[in-house]
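Colleague: Have a look at this prediction, sequence included:
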Amino acid sequence: MQDKKVEVLFQEQLEYYSQTLSSSRTSPLIVLFCQWVKMRKIRKKLEIAEFGGAAGQLLASLNDKYPHNNLTNIELVKEYGNKQVCRKIKFVHGSILKSDFKDKSFDCLIIRDILHHLIGKNFNQTRKNQLLALKELKRMVRPNGIILIDELTNQSKWVCKILFYLSRLNSRIGIRFNKLQISPQTIICLFTPEELSQMIKKIFNNKKYIKITFFKKPMTLRGGIVHFGRPYGKLICAIG
């Protein structure tokens, strides 16, 4: 089960995540996708899906480079259905934790900063949700397909737990500080890069190609405060 406050959070931030000039337009996942297409010498029409794709900015960028594929955006917040930046995108109101898609439905599956929002009733349930999400990706990808993951991580295991418990506590207290992106709906549960890498390798141990890269982000004032001064960054992963 996923905490209902996650949906409320993204409803509140609907306009922000619907901006056309989104950072997703320059996502490293686009480069990985292009490398995969060239490596596999793919000529057929692909079924590409993103879970939590907001207004479909990343899918639109992929369409600019390879315009003959089918695109699906699965979003927890149904209001995003009216915000899609590309008419080709098929919008589906749903969740990666409760997907009605059949096994081997897609050639390419994408998630960006989704795992740390899959909040359950406690820390252990949250980790089970995150594990389930990765297993769902494995179930839905076609043979010789690719899974692309972009996830915020913190290099300290204790900071990951503290952020979860403090944000969970604040969901009851109700403190709001927009400059630090703190709100009663913002509950997060991060992995360390090592934790997430190990989980991915364990789940996808039958895959011949797993490329994992960690990009350390520059320490900003806001980031330093939120992450307790510990290094944080993005884990970028391609599984094919």
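Modeller: Structure received.
Colleague: contacts and neighbour counts: CA atoms only from here.
Modeller: Will do.
Colleague: Which residues outside the strand ranked longest in the chain are in contact with it?
Modeller: Assignment by DSSP state E gives strand 141-154 as the longest strand of the chain. With contact meaning C-alpha atoms under 8 Å, 6 or more residues apart in numbering, strand 141-154 is reached by 29, 32-33, 36, 103-116, 137, 160, 190-193, 227, 230-240.
Colleague: Let's see that with 7 Å instead.
Modeller: By C-alpha atoms under 7 Å, 6 or more residues apart in numbering, the residues outside strand 141-154 that reach it are 29, 104-113, 160, 190-193, 231-240.
Colleague: Now intersect those residues with the strands, please.
Modeller: Taking DSSP E as the definition of strands, these contribute 106-112, 232-239.
Colleague: in this structure, which residue is closest to the centre?
Modeller: residue 112 (2.5 Å; C-alpha atoms, centre = their mean).
Colleague: how about the nearest residue to it, chain neighbours excluded?
Modeller: residue 150 (4.5 Å; C-alpha to C-alpha, 6 or more residues apart in numbering).
Colleague: Give me the neighbour count for residue 99.
Modeller: 13 (other C-alpha atoms under 10 Å).
Colleague: again, but for residue 127
Modeller: Around residue 127 there are 19 residues (other C-alpha under 10 Å).
Colleague: Could you give me the buried positions within the helix or strand where it lies?
Modeller: Counting by DSSP states H and E, the element that carries residue 127 is helix 123-140. For helix 123-140, the neighbour count (16 or more other C-alpha atoms under 10 Å) marks 126-127, 129-138, 140 as buried.
Colleague: go on, stretch 72-91?
Modeller: 72-78, 80-81, 83-85, 88-89, 91.
Colleague: just stretch 163-181 next, same as before
Modeller: Using 16+ other C-alpha under 10 Å as the test for burial, stretch 163-181 gives 163, 164, 165, 167, 168, 170, 171.
Colleague: Do you know the pLDDT at the closest residue to the second one other than its chain neighbours?
Modeller: What that stands for is residue 164. The spatially closest residue to residue 164, leaving aside those adjacent along the chain, is residue 189, at 4.9 Å (C-alpha to C-alpha, 6+ apart). If you check residue 189, the pLDDT there is 97.
Colleague: Contact partners for residue 189?
Modeller: Here residue 189 is in contact with 116, 117, 160, 163, 164 (C-alpha under 7 Å, 6+ apart).
Colleague: what about the second one, neighbour count?
Modeller: The one in question is residue 117. 21.
Colleague: Surely it is in contact with residue 185?
Modeller: No: taking C-alpha atoms under 7 Å as the definition, residue 117 is not a contact partner of residue 185, at 10.4 Å.
Colleague: Find the residues that touch each one of the two.
Modeller: residue 6.
Colleague: For residue 176, see how far away residue 170 is.
Modeller: Going from residue 170 to residue 176 by C-alpha to C-alpha, to the nearest Å gives 9 Å.
Colleague: list the residues that contact both of these two?
Modeller: Joint contacts of residue 170 and residue 176 (C-alpha under 7 Å, 6+ apart) are residue 184.
Colleague: related to what we said a few turns ago, report the inter-axis angle for the helix holding residue 127 versus strand 232-239.
Modeller: Going by axes from the mean of the first three to the mean of the last three C-alpha atoms, to 10 degrees, helix 123-140 is angled at 30 degrees with respect to strand 232-239.
Colleague: chain center to helix 123-140: distance?
Modeller: Its chain's average C-alpha position is 12 Å from that of helix 123-140, according to C-alpha atoms, centre = their mean, to the nearest Å.
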